[in-house]
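K.L.:
Requesting a structural model of the entry that follows:
(2 chains)
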Amino acid sequence: AQSVAQPEDQVNVAEGNPLTVKCTYSVSGNPYLFWYVQYPNRGLQFLLKYITGDNLVKGSYGFEAEFNKSQTSFHLKKPSALVSDSALYFCAVRDQGGGYNKLIFGAGTRLAVHP
Amino acid sequence: DAGVIQSPRHEVTEMGQEVTLRCKPISGHDYLFWYRQTMMRGLELLIYFNNNVPIDDSGMPEDRFSAKMPNASFSTLKIQPSEPRDSAVYFCASRPLMEDRYTFGSGTRLTVV
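P.N.:
Prediction:
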């Protein structure tokens, strides 16, 4: 079964510093991976996705993610964090079994960017 | 486009009462998903529809939960009778056929007392 794991419940970073939010995956076959962000009292918003091709995927709001097949990871990164980046971040994988059309989400990582 | 619209935004009800949550997906989107979010269990897929037809309801926790999609522009999630453990934020999301990008509504925060 497809799954993703987000090993950190919370990540703290100072404004202006680079940030990384970690995600590892377990899939059979080629992975289809996603990052979503949730701001307080809002629904999830799409940030970026990896289907195939370049291992570095660029997304919204200056975020990017690095796909690493040997480490089965898909970490979210940003070179310089903003206070407004503080939110809940979800990694997700497309279910490639019987439920091809659904996404399976990780538990989420809360990012706190301090001024 | 107004996005995915959910109503109500907040619902407080007493245990045993019927609760109906509503969702209007984005026009033209072929898939509609209902998710539940809690601190303990994170984001859980309850059920999803393709062209108004329920495809996978394996995430629906109990027979007290039911979902319908009578047409392409409207879906409901009903809980009858409601219980305190149903308290959560319920999200609706939709996406087009050939797109992996989901659009989520703002959610309904349900509190059962």
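K.L.:
Please count neighbours and contacts with C-alpha atoms only from this point.
P.N.:
Fine.
K.L.:
Find the nearest non-adjacent residue to B:Cys92, please.
P.N.:
Among residues not flanking B:Cys92 along the chain, B:Trp34 sits closest, at 4.6 Å (C-alpha to C-alpha, 6 or more residues apart in numbering or on different chains).
K.L.:
where does that neighbour fall, helix, sheet strand or coil?
P.N.:
State at B:Trp34, reduced to three classes by DSSP: H, G, I helix; E, B strand; the rest coil: strand.
K.L.:
Nearest spatial neighbour of A:Tyr32, chain-adjacent residues omitted?
P.N.:
That would be A:Ile51: by C-alpha to C-alpha, 6+ apart, it lies 4.9 Å from A:Tyr32.
K.L.:
Quickly list what the residue nearest to B:Cys92 is bridged to.
P.N.:
Judged by DSSP bridges, the bridge partners of B:Trp34 are B:Ile47, B:Cys92.
K.L.:
burial measure for it, as a count.
P.N.:
Using other C-alpha atoms under 10 Å in any protein chain shown as the criterion, B:Trp34 is surrounded by 25 other residues.
K.L.:
Please apply the same query to the one 3 residues further on.
P.N.:
Other residues within reach of B:Gln37 by the criterion other C-alpha under 10 Å amount to 18.
K.L.:
for A:Tyr25, same thing?
P.N.:
Neighbourhood size, A:Tyr25 [other C-alpha under 10 Å]: 21.
K.L.:
what about it, helix or strand, and which?
P.N.:
strand A:24-26 (DSSP states H and E).
K.L.:
residue boundaries of the strands in chain A?
P.N.:
A:3-5, A:10-14, A:19-21, A:24-26, A:33-38, A:44-50, A:56-58, A:64-68, A:73-78, A:87-94, A:103-105, A:109-114 (DSSP state E).
K.L.:
Chain B is nearest to which of those?
P.N.:
Chain B lies closest to strand A:44-50 among these, at 5.7 Å (C-alpha to the nearest C-alpha).
K.L.:
ok, the closest one: who's next to it in the sheet?
P.N.:
In the sheet, strand A:44-50 lines up with strand A:33-38 (antiparallel) (DSSP bridges).
K.L.:
circling back to that earlier point, do I have it right that the residue nearest to A:Tyr32 meets A:Pro31?
P.N.:
Yes: A:Ile51 lies in contact with A:Pro31 (C-alpha atoms under 8 Å); the separation is 7.0 Å.
K.L.:
How about B:Leu46: what's its closest non-neighbour residue?
P.N.:
Nearest to B:Leu46 is B:Gly59, by C-alpha to C-alpha, 6+ apart, at 4.1 Å.
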